[in-house]
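1. how would this look folded up:
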Amino acid sequence: MHGIGPGHANARSTIIDAIRAAGVVSRTRLVAATGLTGATVSKEVRALLDEGLVVETGNAPSTGGRSQVLLELEQSSRYAAGLHLDHDGVTAVLLDLGGAVVAEQRVRWTSEVAPQSVVDTMVVRVHAMLDGIRAPRDRLLGIGVVSPGPMTPGEGIVMSRPAMRGWVRFPLAERLRQASHLPVVVDNDATASAVGELWTGGARGSTAFAALYMATGIGSGTVVDGVPYRGASLSVGEIGHVCVELDGPECWCGNSGCIEAVAGPGAVVAEARAAGLQVRDSGLTVVEAFAEVVKLARRGDRTAKRIVQRSAEHLAVAAQTLCSLMAVDLLLLTGTGFDIAGDLYLPAVRERLARSFAAHEGPGVRVEVSRHAQRSPAVGAAALVLQESLVPRQFNTLLAIEPDTVVVPSAR
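-> Numbering: from 1, shown residues only. Next comes the predicted model:
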């Protein structure tokens, strides 16, 4: 039996989180899973039904007594917008209450565009996405915005790559809040990617998991019992800036020999060009150029294969470091880099973790490529809004059970 625990703000958030985790569940099983009294569960469920957040969706198979009415979240009752701010543009998504992406837009720009212009444009795009699915604007809970590197709610991006220096110290959350008149949540893109897996079902069955994120840069996010680990700031998880070569190349962060500088997409592209591979050097983003190198490797180019394999082996070291430090049972490879080349990196990561000393102490770490790898930061940004609005702050996934089977549809 579990109580509400320090992670949940109240009985309401406990029940919402339990229904989210189970998918479909009866009141009786909610009582057993949360430790709340039957009267409390009945009262809170009735309020959630009245608000339209929860619906009765059928009946569980009878075991001889009265058939149990089943509950699930009403997916179209609320929405959250997620924005992923990167050096070449913004990816925006609209997530429903069930964690499904119901709208998506991509806006590209050059580094000369003023941050305030981007903020104003994205507010317009968020409203356009709502209009596109014919959802009333009062169903939008808020906007989540994430970006690479350290961020704070008050100052926005604290430090970033040269291409995004114009955003450093820009009060992103405040300006977005003023322009949209909505609650705004900010966070690191890798941490958000991990939180997104909670709401989209990618981490189902795990009590402690991590997301290894690769796009232009490399980062990570870790969630334990439904609680994202943030450390003392939103800069936690910078696994890409762990040194693996003392005399390695300089990194934009100020150090040398970082995993990102040695084996990230930019390093792969630079090495490929230095080796004489035909990779365009203008008109492409780092990730797009990385995709060209990966394409050559898939076609059997030996040099490209060697370069990608070397990168994969270094990323496997990052994965091993992350898993050893955080003692997770699941590692999800996410971000556009792994969307492009996840199948080429997955074997190296699995092999490295399989021969890690930690693998001999338990069942080992399951490693998968996220099904939302391409847009995981934006999805995660929207998931942060769902978390903050409905299951405030730190929360626990209490209901580790299989969803009930619906056998008798009931009137909606």
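2. so how far is stretch 68-85 from its chain's centroid?
-> A distance of 16 Å separates the centroid of the chain from that of stretch 68-85, by C-alpha atoms, centre = their mean, to the nearest Å.
3. what distance separates the start and the end of it?
-> This stretch, stretch 68-85, spans 45 Å end to end (C-alpha to C-alpha, to the nearest Å).
4. What residues of it count as buried?
-> Counting neighbours by 16 or more other C-beta atoms under 10 Å, one finds that the buried residues in stretch 68-85 are 68-74, 77-85. (Each C-beta comes from the backbone N, C-alpha and C, glycine too.)
5. Would you state the helices of this protein in chain order?
-> With helices called from DSSP state H, the chain shows them at 11-22, 27-34, 38-51, 115-132, 172-180, 189-200, 259-263, 265-274, 286-298, 302-326, 336-354, 376-390.
6. possible to save those helices as CSV with mean neighbour count?
-> Output for the helices of the chain, formatted as CSV (neighbours: other C-beta atoms under 10 Å):
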stretch, mean neighbour count
helix 11-22, 23
helix 27-34, 20
helix 38-51, 15
helix 115-132, 17
helix 172-180, 19
helix 189-200, 29
helix 259-263, 26
helix 265-274, 20
helix 286-298, 21
helix 302-326, 20
helix 336-354, 20
helix 376-390, 28
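7. export the ones you listed to TSV and tack on distance to V101?
-> Shown next, in TSV, are the helices of the chain (distance: least, C-beta to C-beta, whole Å):
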stretch	distance to V101
helix 11-22	16
helix 27-34	28
helix 38-51	24
helix 115-132	10
helix 172-180	20
helix 189-200	8
helix 259-263	28
helix 265-274	24
helix 286-298	20
helix 302-326	26
helix 336-354	14
helix 376-390	6
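8. Those helices: which one's closest to V367?
-> Across the helices of the chain, V367 has its closest neighbour in helix 336-354 (5.0 Å, C-beta to C-beta).
9. Output the contacting helices and strands for the closest one.
-> Judged by 3 or more C-beta pairs under 8 Å, 6 or more residues apart in numbering; DSSP states H and E, helix 336-354 is in contact with strand 208-214, helix 286-298, helix 302-326, strand 330-334, strand 366-369.
10. mind putting the ones you listed in JSON lines, distance to V227 included?
-> As requested, the helices and strands packed on helix 336-354 are exported to JSON lines (distance: least, C-beta to C-beta, whole Å):
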{"stretch": "strand 208-214", "distance to V227": "10"}
{"stretch": "helix 286-298", "distance to V227": "30"}
{"stretch": "helix 302-326", "distance to V227": "12"}
{"stretch": "strand 330-334", "distance to V227": "15"}
{"stretch": "strand 366-369", "distance to V227": "20"}
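11. Let me have the ones you listed in CSV, adding distance to D96 and mean pLDDT as columns.
-> Output for the helices and strands packed on helix 336-354, formatted as CSV (distance: least, C-beta to C-beta, whole Å; pLDDT from 0 to 100):
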stretch, distance to D96, mean pLDDT
strand 208-214, 21, 95
helix 286-298, 28, 95
helix 302-326, 30, 95
strand 330-334, 20, 96
strand 366-369, 23, 95
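12. among those, which is nearest V385?
-> Nearest to V385, of the helices and strands packed on helix 336-354 and by C-beta to C-beta, is strand 208-214 at 18.0 Å.
13. Please report how far S370 lies from G35.
-> S370 sits 32 Å away from G35, going by C-beta to C-beta, to the nearest Å.
14. With neighbour numbers in mind, choose between those two.
-> S370 (26 against 14; other C-beta atoms under 10 Å).
15. Tell me which residues touch the closest residue to the more buried one other than its chain neighbours, please.
-> For S370, ignoring the flanking residues on the chain, the nearest one in space by C-beta to C-beta, 6 or more residues apart in numbering is T334 at 3.9 Å. Counting by C-beta atoms under 8 Å, 6 or more residues apart in numbering, T334 touches S193, E197, A211, L212, Y213, M214, V369, S370, H372, A373, S376.
16. repeat that for 10 Å
-> Going by C-beta atoms under 10 Å, 6 or more residues apart in numbering, T334 touches 189-190, 193-194, 196-197, 202, 211-215, 220-221, 342, 368-377, 379-380.
17. Report the separation between it and Q178.
-> T334 is 31 Å from Q178, by C-beta to C-beta.
18. that older thread, of the helices of the chain, which approaches V93 most closely?
-> Nearest of these to V93, taken as C-beta to C-beta: helix 376-390 at 4.4 Å.
19. pLDDT averaged over the closest one, what's the number?
-> The average pLDDT within helix 376-390 is 93.
20. Distance check, V262 against D247.
-> Distance of V262 to D247, given as C-beta to C-beta: 11 Å.
21. shared neighbours of those two, which are they?
-> Counting by C-beta under 10 Å, 6+ apart, the residues touching both V262 and D247 are S256.
22. Could you check how many residues crowd around R355?
-> Residues lying near R355 (other C-beta under 10 Å) number 9.
23. ok, it to V365 distance?
-> On the measure of C-beta to C-beta, R355 and V365 end up 12 Å apart.
24. tell me, what's touching these two both at once?
-> Joint contacts of R355 and V365 (C-beta under 10 Å, 6+ apart) are Q320.
25. Who is V101 paired with across the strands?
-> L95 (DSSP bridges).
26. That one contacts L95, correct?
-> Yes. Using C-beta atoms under 10 Å, V101 is in contact with L95, at 6.1 Å.
27. When those two are compared, which one has more neighbours?
-> Remark: of V101 and L95, L95 carries more neighbours, 29 against 16, as counted by other C-beta under 10 Å.
28. Assess the claim that the more buried one and A383 are in contact.
-> Yes. The pair L95 / A383 is scored as a contact, 6.5 Å apart, by C-beta under 10 Å.
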